[in-house]
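A.B. asks: The sequence isn't on hand, but the structure is:
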């Protein structure tokens with residue numbers, strides 16, 4: 001049964017299919033490692049961790065229930081356990097205390113559960129439902145969407161994936177491309193995985209835009225939509241890879257605005273055209289920008305061109321087909337695109353975004369269009385011959401006789417000149433033949449028409465999509481808690497670092513079944529300022545009146561004792577309390593460890609929670625049925 005397994009009877013019955021899933025039952029415990037991660041439970045539930053899960057997922061009868069698996073995966077992500085395999089290096093009994101179980105499942109059992117959950121298209125459907133809910137709950141964030149591709153490198157040998165250029169490593173490596181869609185503040189909505197990458201524009205036009213048209217809430221009334229022809233549904237922001245006037249025109253016909261950098265900006269504008277604007281960025285800080293605007297024609301479409309003048313005189317040019325918004329919001333939206341790049345870096349470093357979830361592979365549909373290998377090889381030869389021809393012509397043009405006229409020197413110069421001309425003629429003819437041959441070779445093929453030695457399988461999609469959705473929920477929950485902490489922090493940039501430390505801190509668990517509460521009592525942090533921010537966070541989380549999934553216990557968060565009082569203004573500052581000294585009475589009298597009442601709810605008599613509250617830091621209301629499967 002594994003280390004820490006003490007509920008022997010229930011486990012035996014569950015193995016025979018006669019019991020389970022086991023309901024969480026908490027016992028009093030002190031100094032539980034990583035128990036600080038329980039601070040995230042209200043935010044996780046508000047962000048939809050258990051929303052509609054019974055509608056999309058089901059597990060056969062067993063010891064571990066659906067709720068326990070979902071909560072465990074989310075808590076592991078927040079505790080920076082970046083892969084399922086890493087769970088084997090954590091005490092299973094201590095982590096079991098966080099879920100109200102005797103121990104967490106071992107890695108093999110957890111992988112079996114994941115295989116059952118991701119064996120169908122349920123993860124994709126669940127993620128789509130969550131995305132629609134996020135947009136509906138926060139329509140203000142559903143007006144501007146950032147789209148960018150993230151190259152996920154594959155170092156295994158299960159399949160020979162196509163090679164992609166990885167800019168952060170400056171190498172062409174076997175990889176899969178994930179196209180992420182994020183909000184203005186960097187929070188993710190959904191991701192589209194492309195084993196065979198058709199490019200940013202093709203993915204946006206054929207997969208992302210159609211989904212956004214379906215899920216994004218209407219921001220314009222039908223009357224305005226009918227009378228104002230320049231109104232748009234939403235704005236899509238991308239980098240220079242999305243520079244295509246023809247694509248912008250097609251999007252304009254669908255009433256979708258595009259925003260990107262100018263690929264061919266031309267000469268600089270006069271400095272007198274730029275004016276100073278006080279601009280509030282997505283993060284809340286206010287800076288000054290020197291901005292100017294003109295109208296410019298890009299082929300069949302007239303667009304707005306906005307430039308920002310940098311300190312060194314450099315001008316950054318952006319193009320927009322948003323004809324309604326003011327100058328400043330467009331500039332903020334474009335220059336806030338780096339929030340998505342920061343999201344990628346943060347997720348790679350702290351959430352293991354590029355981690356391989358499953359070693360399984362699956363076949364690629366026969367109808368998928370792929371680049372013709374013969375065409376790719378021919379294009380490589382054409383590029384090589386073109387480069388050689390350019391270099392030879394440059395050498396021919398630079399061959400000048402500077403020495404005094406001398407028959408021997410002239411003869412050598414003439415011979416070399418003739419040889420270069422012959423080489424140019426040969427390369428020119430060879431290049432022309434290759435280009436003529438290119439007309440007879442199609443650029444793309446259906447996957448089923450590829451030669452056998454060129455075919456490959458893709459990595460398992462649903463398992464990766466499922467874990468990515470869990471990580472999106474965890475990131476959104478962490479972001480919501482960051483906003484609460486920043487209310488009490490002088491240095492806003494340190495909020496995420498503080499949360500990462502809180503998630504790994506020890507805490508006391510004090511259940512009281514008669515009062516219907518589960519107290520999570522955290523220890524003091526390094527400074528008084530941190531304690532003050534933590535108390536504020538605990539108060540906000542407690543006010544949500546969140547019930548732990550699968551129980552009737554309302555979560556109550558508190559510090560073991562109040563933060564140290566600040567020194568009087570006329571006295572020198574004393575050292576900050578470390579939490580080891582006596583700093584006053586606790587916020588409320590500590591409860592003694594309570595022995596579970598025989599009449600308390602059991603696995604077969606759970607009470608329906610009715611005190612789920614609205615989270616003040618997310619604006620989302622926890623679903624009253626979230627704690628039942």
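C.D. replies: The structure has been received and is ready for your questions. In this text the structure is predicted, and so the values were computed from the model without any measurement.

A.B. asks: what's the distance between the lowest-mean-pLDDT helix or strand in the chain and the middle of its chain?
C.D. replies: One helix or strand of the chain scores below all others by mean pLDDT, DSSP states H and E: helix 222-227, with a mean of 81. Distance of helix 222-227 from the chain centroid (Cα atoms, centre = their mean, to the nearest Å) equals 35 Å.

A.B. asks: Following element in sequence after it, please.
C.D. replies: strand 235-237 (DSSP states H and E).

A.B. asks: So what's the gap between the helix or strand that comes right after that following strand and the chain middle?
C.D. replies: Counting by DSSP H and E, the element after strand 235-237 in chain order, helix or strand, is helix 245-253. How far helix 245-253 lies from its chain's middle: 27 Å, per Cα atoms, centre = their mean.

A.B. asks: Also stretch 427-445?
C.D. replies: 42 Å.

A.B. asks: ok, now stretch 189-198?
C.D. replies: Mean-position distance between stretch 189-198 and its chain equals 13 Å (Cα atoms, centre = their mean).

A.B. asks: what does stretch 61-80 give?
C.D. replies: Taking Cα atoms, centre = their mean, one finds stretch 61-80 lying 20 Å from the centre of the chain it belongs to.

A.B. asks: Could you list the buried residues of that stretch?
C.D. replies: Neighbour counts over stretch 61-80 (16 or more other Cβ atoms under 10 Å) mark 62-80 as buried. Heads up, the C-betas are built off the backbone N, CA and C, glycines and all.

A.B. asks: before we move on, what about stretch 337-346?
C.D. replies: Of the residues in stretch 337-346, 337, 339-340, 343-344 count as buried by neighbour count, 16+ other Cβ under 10 Å.

A.B. asks: Cross those residues against helices and list the overlap.
C.D. replies: Judged by DSSP state H, the buried residues of stretch 337-346 include 339-340, 343-344 as members of helices.

A.B. asks: Pull the contacting residues for residue 323.
C.D. replies: Contacts for residue 323 (Cβ atoms under 8 Å, 6 or more residues apart in numbering) come out as 230, 257, 304.

A.B. asks: most neighbours, which of these?
C.D. replies: residue 257 (26 neighbours; other Cβ atoms under 10 Å).

A.B. asks: What residues are bridge-paired with that residue?
C.D. replies: Beta-bridge pairing of residue 257 under DSSP bridges involves residue 235.

A.B. asks: who touches it in this structure?
C.D. replies: Residue 257 touches 232, 234-236, 251, 320-323, counting by Cβ under 8 Å, 6+ apart.

A.B. asks: Including distance to residue 439 and pLDDT, could these go into a markdown table?
C.D. replies: As requested, those are arranged in a markdown table below (distance: Cβ to Cβ, whole Å; pLDDT from 0 to 100):
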| residue | distance to residue 439 | pLDDT |
| --- | --- | --- |
| 232 | 40 | 91 |
| 234 | 41 | 93 |
| 235 | 40 | 94 |
| 236 | 35 | 95 |
| 251 | 31 | 94 |
| 320 | 38 | 95 |
| 321 | 35 | 94 |
| 322 | 40 | 93 |
| 323 | 41 | 93 |
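
A.B. asks: And the most centrally placed residue in the chain, how far from residue 51?
C.D. replies: In the chain, the residue lying closest to the centroid (Cα atoms, centre = their mean) is residue 188, at 5.0 Å. Applying Cβ to Cβ, to the nearest Å, the value for residue 188 to residue 51 is 16 Å.

A.B. asks: Over to residue 289?
C.D. replies: Relative to residue 51, and taking Cβ to Cβ, residue 289 is found at 40 Å.

A.B. asks: what's the answer for residue 163, then?
C.D. replies: Applying Cβ to Cβ, the value for residue 163 to residue 51 is 39 Å.

A.B. asks: The two: which is more packed in?
C.D. replies: Using other Cβ under 10 Å, the more surrounded residue of residue 163 and residue 51 is residue 51, with 19 against 11.

A.B. asks: tell me the pLDDT at the more buried one?
C.D. replies: Residue 51 carries a pLDDT value of 90.

A.B. asks: That one in helix, strand or coil?
C.D. replies: Recorded secondary structure, residue 51: coil (DSSP: H, G, I helix; E, B strand; the rest coil).

A.B. asks: can you check the one 4 residues further on too?
C.D. replies: With three-state DSSP as the basis, residue 55 sits in helix.

A.B. asks: so how many other residues sit close to residue 27?
C.D. replies: Residue 27 has 14 nearby residues by other Cβ under 10 Å.

A.B. asks: Confirm that it lies within a helix, as I assumed.
C.D. replies: No - counting by three-state DSSP, residue 27 is not part of a helix but coil.

A.B. asks: so how far is residue 505 from it?
C.D. replies: Here the distance between residue 27 and residue 505 works out to 20 Å (Cβ to Cβ).

A.B. asks: ditto for residue 335
C.D. replies: For residue 335, the distance to residue 505 (Cβ to Cβ) stands at 37 Å.

A.B. asks: Quick check: phi and psi at the residue lying closest to residue 217 once chain neighbours are set aside.
C.D. replies: The shortest distance from residue 217 to any non-neighbouring residue, by Cβ to Cβ, 6 or more residues apart in numbering, is to residue 139 (4.5 Å). The phi and psi values for residue 139, taken as degrees, to the nearest 10, are phi -60, psi -20.
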